[in-house]
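Peer 1: build me a model:
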Amino acid sequence: MSIYSGVKIEENSREWKKQEITKEIKVEKLGERSFLVVENGRKFVKKCFKGFNEEVLDDVFNGIANWLHLRGVDRVQRLVRLDVDEMCVYAEYVEGVNLREYVAKHGGRLGEEKATCVCLEIATVLKKALDKGVIHRDLKPENVIITQDRKITVIDWEFSVRLDAKPRVPIGTLNYIPPEGRDVSELKMPGKYDVFRLGAMLNEMITGKPYRTLTSRNKILVELVSKTSS
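Peer 2: Model prediction:
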């Protein structure tokens, strides 16, 4: 069993951890630290954390343990393999476009009905994770994939936290951070952290603008989004 900074990878995950990706047929860079790996026709996303400082690595390995805890939860990106030596994880590759790309393809905003449907699907995934005591913590349009059959998958759970956890390093994109605090441990009700982010995303889907640019003319949306963190 692998142990890092007091985080234990569960006993029933040993089989999962020992899976070997025998041959990388194709590797394509997706981002600064992520790669598309194709092996024998199967696609994986390889995410690397080497070079992060100790505090960030603590949060990442805690997040990976939480991600493991969500195995089997529908519409949560599946974790395939952990490579402690390379400081990398392999996750399933979800075919589709992220929510930001999806909105852009629809002219920069969605109608209220369509935006609400997307929001409810994301909320369903977040509720299932919360029922297991896990908060995504980095929810944003780039971490929501919409497949060709218009189904939602929430990806990138490596910074997720438990409800009672105190992460060492704050993370997040400004437009999706609750006004009460920069990170989960600063909120009186940490379970609301993902809810506020989802409210900010709903506003953006409808108006085409970040929540922080809302004015008093958007009173209904301002009130709706503010309630998500109260």
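
Peer 1: can you list the domains in this structure?
Peer 2: 3-92, 97-227 (automatic domain parsing).

Peer 1: how about the strands in this structure?
Peer 2: For the chain, the strands defined by DSSP state E cover 3-4, 7-8, 26-29, 34-39, 42-48, 79-83, 88-92, 97-98, 134-135, 144-146, 152-154, 161-162.

Peer 1: surely Lys29 is in contact with Val37?
Peer 2: No: at 10.7 Å, Lys29 does not count as touching Val37 under the criterion of CB atoms under 8 Å. C-betas here are computed from N, CA, C, even on glycine.

Peer 1: longest helix in the protein, please.
Peer 2: Ordering each helix of the chain by length in residues (DSSP state H) puts helix 112-131 first.

Peer 1: Asn62 and Leu30, how far apart?
Peer 2: Asn62 sits 24 Å away from Leu30, going by CB to CB, to the nearest Å.

Peer 1: more neighbours: which of these two?
Peer 2: Each of Asn62 and Leu30 has its neighbours counted (other CB atoms under 10 Å); Asn62 has more, 22 against 14.

Peer 1: for Lys105, find the nearest of the strands of the chain.
Peer 2: strand 97-98 (7.1 Å; CB to CB).

Peer 1: next, count neighbours for Val45.
Peer 2: Neighbour tally, Val45, other CB under 10 Å: 20.

Peer 1: check contacts around it.
Peer 2: By CB atoms under 8 Å, 6 or more residues apart in numbering, the residues touching Val45 are 30, 34-37, 90-93, 155.

Peer 1: now list the buried members of the residues you listed.
Peer 2: Taking 16 or more other CB atoms under 10 Å as the criterion, what is buried in the contacts of Val45 is 34-35, 37, 90-93, 155.

Peer 1: roughly how far does Arg109 sit from Pro141?
Peer 2: Counting by CB to CB, the gap between Arg109 and Pro141 amounts to 12 Å.

Peer 1: mutual contacts of these two, please.
Peer 2: Val103.

Peer 1: about what we covered before: turn the contacts of Val45 into CSV, columns for distance to His69 and pLDDT.
Peer 2: Formatted as CSV, these follow (distance: CB to CB, whole Å; pLDDT from 0 to 100):
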residue, distance to His69, pLDDT
Leu30, 25, 85
Ser34, 22, 91
Phe35, 25, 90
Leu36, 26, 92
Val37, 24, 90
Tyr90, 18, 93
Ala91, 15, 95
Glu92, 17, 94
Tyr93, 22, 94
Ile155, 16, 97
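
Peer 1: just these now: which is nearest Gly172?
Peer 2: Checking the contacts of Val45 against Gly172 with CB to CB, the nearest one is Ile155 at 15.9 Å.

Peer 1: picking up where we left off before, which stretch among the strands of the chain comes nearest Leu120?
Peer 2: Judging the strands of the chain by CB to CB, what sits closest to Leu120 is strand 152-154, at 9.4 Å.
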